[in-house]
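Chemist: please work out how this folds:
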Amino acid sequence: MSYIITILILLLLLLLVLYYLVREESRKSAKVHRSLVRGIDYALSNDFDKAIEEMLKVVNRYRELAEPYISLGNLYRAKGELENAIQIHEKVAANNRVPDSLRREAQYFLGVDYSRAGFYDRAVNIFRELSEKSGEDIRPLIELEKIYVELGDWEKAIEIRLKLMNLEKDSESLVKSGNLLAHYITEKSKELIASGKLDEAEDILKRALERAPNLVDTVLTYSDLLYRKGDYDALLPLFDGILDTAFDYHFLILDSMERIFSGSGEYEKYGELLEKKINSGNYSPQIYVAYCKFLRKKGEKEKASRMLKEFVSKFPYQVEAIQLLADILLEMGEEEEALEYYRKLSRLGLNDPRPFVCTSCGYRMEEMSWRCPKCGMWDSVKYMPVRAGS
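Modeler: This is a model prediction of the structure:
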């Protein structure tokens, strides 16, 4: 997503340069105009070598203009040549003959260059200064937020997100911001929990839940805290609510519930909650399988196998249900029937080494993550295993 935004900003600058040149010297600079148009075409097709070649022609013709230099620097950054990008943007930002607005623009892109190069201290200094001067331009704040998230400085990330929320007006943006803020608070609470500061962690987690009551990351972190404190009375309604709203993450929620309740004296209540969901008709395959696991653990294997056979007949591609049914049948001494289901598993294919995929950029990974490690999007990773042969 950040890559796409960079390209869009770059193209906007190129178009502004083209507009200026057409307006000022439409007849004298036809060749340069063609170079700029070709440069835009090359940038659109991600051919940055040729885009840079065409932009250099524009820069050589209009050495007195800052806009082509800024665009050239952005092309170098898009290509990955950060040293060239930094040198160009530094020169424009330091040139007193350049209008203040363009110097600030060069400074902003210089900060982006520094950030991409890992010079976070320099980037932070630039974005902090620009955020104080730029009024309604929120780009410096957004870049600051990215840096603090990358560094895991959650207190500062929270500070910047709150500033951005004060500048946002439409309800959709505020909801997304609330979710981001809740994620940052949750990450901070994890640090507090790890250091044994449970009361402090609970205070800020409650703030996060006020912002985003259905955010699974926050709910699961809060449930872990309640488990550590032994507050099972608060756990059941918490899980009850999130199971009704977060179907995509039932596999995570149910794993957490099994871990928490199986070692406690509240295991029966866990089973009762699952049974209630099934009887209400508001359940996922994961809830059904979790309830059958519960029955198996209680020793009610015949009931579990009967339920699973009925379920698998309706949903023949539910791999986890077939696996559980085969295992229970084997434990019951029904070897031939168990073998039949194991063969079915083999035909379906079980092992996807990277079952989690980011719905924003398509990146596949081995483990669940609330933030895509490639594109940086939050809440975009889903469990989407690929069966063998599909």
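Chemist: tally of neighbours for P140?
Modeler: For P140, the count of nearby residues is 24 (other C-beta atoms under 10 Å). For glycine as for every other residue, the C-beta is placed from the backbone atoms N, C-alpha and C.
Chemist: please apply the same query to the one 3 residues further on.
Modeler: The local packing of E143 (other C-beta under 10 Å) involves 23 other residues.
Chemist: equivalent analysis for G241, please.
Modeler: Neighbour count of G241, defined by other C-beta under 10 Å: 13.
Chemist: so what's it up against?
Modeler: By C-beta atoms under 8 Å, 6 or more residues apart in numbering, G241 lies in contact with 213-214.
Chemist: now it: which helix or strand?
Modeler: According to DSSP states H and E, G241 maps onto helix 232-243.
Chemist: off-centre distance for that helix?
Modeler: Centroid separation between helix 232-243 and its chain, computed with C-alpha atoms, centre = their mean, to the nearest Å, is 25 Å.
Chemist: now that helix - C-alpha only, PDB.
Modeler: Only the C-alpha atoms of helix 232-243 are listed here, as PDB (Å, rounded to 0.1, in the frame of the first residue of the first chain):
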ATOM      1  CA  TYR A 232     -13.000 -16.300  34.900                       C
ATOM      2  CA  ASP A 233     -16.300 -14.600  35.500                       C
ATOM      3  CA  ALA A 234     -15.200 -11.800  33.200                       C
ATOM      4  CA  LEU A 235     -13.700 -14.100  30.600                       C
ATOM      5  CA  LEU A 236     -16.900 -15.900  29.500                       C
ATOM      6  CA  PRO A 237     -18.900 -12.800  28.500                       C
ATOM      7  CA  LEU A 238     -15.800 -11.500  26.700                       C
ATOM      8  CA  PHE A 239     -15.400 -14.600  24.600                       C
ATOM      9  CA  ASP A 240     -19.200 -14.900  24.100                       C
ATOM     10  CA  GLY A 241     -19.300 -11.400  22.500                       C
ATOM     11  CA  ILE A 242     -16.200 -11.800  20.300                       C
ATOM     12  CA  LEU A 243     -17.300 -15.200  18.900                       C
END
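Chemist: show me what counts as buried in it.
Modeler: 232, 235-236, 238-239, 242-243 (16 or more other C-beta atoms under 10 Å).
Chemist: mean confidence for it?
Modeler: Rounded to a whole number, the mean pLDDT of helix 232-243 is 93.
Chemist: I'd like the next helix or strand past it.
Modeler: Following helix 232-243 toward the C-terminus (DSSP H and E): helix 250-262.
Chemist: what ranges does the stretch 251-390 of the chain have for its helices?
Modeler: Using DSSP state H, counting those that start in this stretch, the helices of the stretch 251-390 of the chain run over residues 267-280, 285-298, 301-314, 319-331, 335-348.
Chemist: how about the stretch 51-200 of the chain?
Modeler: All helices of the stretch 51-200 of the chain, identified by DSSP H, counting those that start in this stretch, fall at 66-79, 82-94, 100-117, 120-133, 139-151, 154-167, 171-194, 198-211.
Chemist: which helices and strands sit right next to the longest one?
Modeler: Counting contacts by 3 or more C-beta pairs under 8 Å, 6 or more residues apart in numbering; DSSP states H and E, helix 171-194 packs against helix 154-167, helix 198-211, helix 216-229.
Chemist: put the alpha carbons of it into PDB.
Modeler: The C-alpha coordinates for helix 171-194 follow below in PDB (Å, rounded to 0.1, in the frame of the first residue of the first chain):
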ATOM      1  CA  SER A 171     -16.800   8.600  10.500                       C
ATOM      2  CA  GLU A 172     -15.200   5.900   8.400                       C
ATOM      3  CA  SER A 173     -11.700   7.400   8.900                       C
ATOM      4  CA  LEU A 174     -12.300   7.700  12.700                       C
ATOM      5  CA  VAL A 175     -13.300   4.100  12.900                       C
ATOM      6  CA  LYS A 176     -10.100   3.000  11.200                       C
ATOM      7  CA  SER A 177      -8.100   5.300  13.400                       C
ATOM      8  CA  GLY A 178      -9.800   3.900  16.500                       C
ATOM      9  CA  ASN A 179      -8.700   0.400  15.400                       C
ATOM     10  CA  LEU A 180      -5.200   1.500  14.800                       C
ATOM     11  CA  LEU A 181      -5.000   3.300  18.200                       C
ATOM     12  CA  ALA A 182      -6.400   0.200  19.900                       C
ATOM     13  CA  HIS A 183      -3.700  -1.900  18.200                       C
ATOM     14  CA  TYR A 184      -1.000   0.500  19.500                       C
ATOM     15  CA  ILE A 185      -2.400   0.500  23.000                       C
ATOM     16  CA  THR A 186      -2.600  -3.300  22.900                       C
ATOM     17  CA  GLU A 187       1.100  -3.600  21.900                       C
ATOM     18  CA  LYS A 188       2.000  -1.300  24.800                       C
ATOM     19  CA  SER A 189      -0.100  -3.400  27.100                       C
ATOM     20  CA  LYS A 190       1.700  -6.600  26.000                       C
ATOM     21  CA  GLU A 191       5.000  -4.900  27.100                       C
ATOM     22  CA  LEU A 192       3.400  -4.100  30.500                       C
ATOM     23  CA  ILE A 193       2.000  -7.600  30.900                       C
ATOM     24  CA  ALA A 194       5.500  -9.100  30.200                       C
END
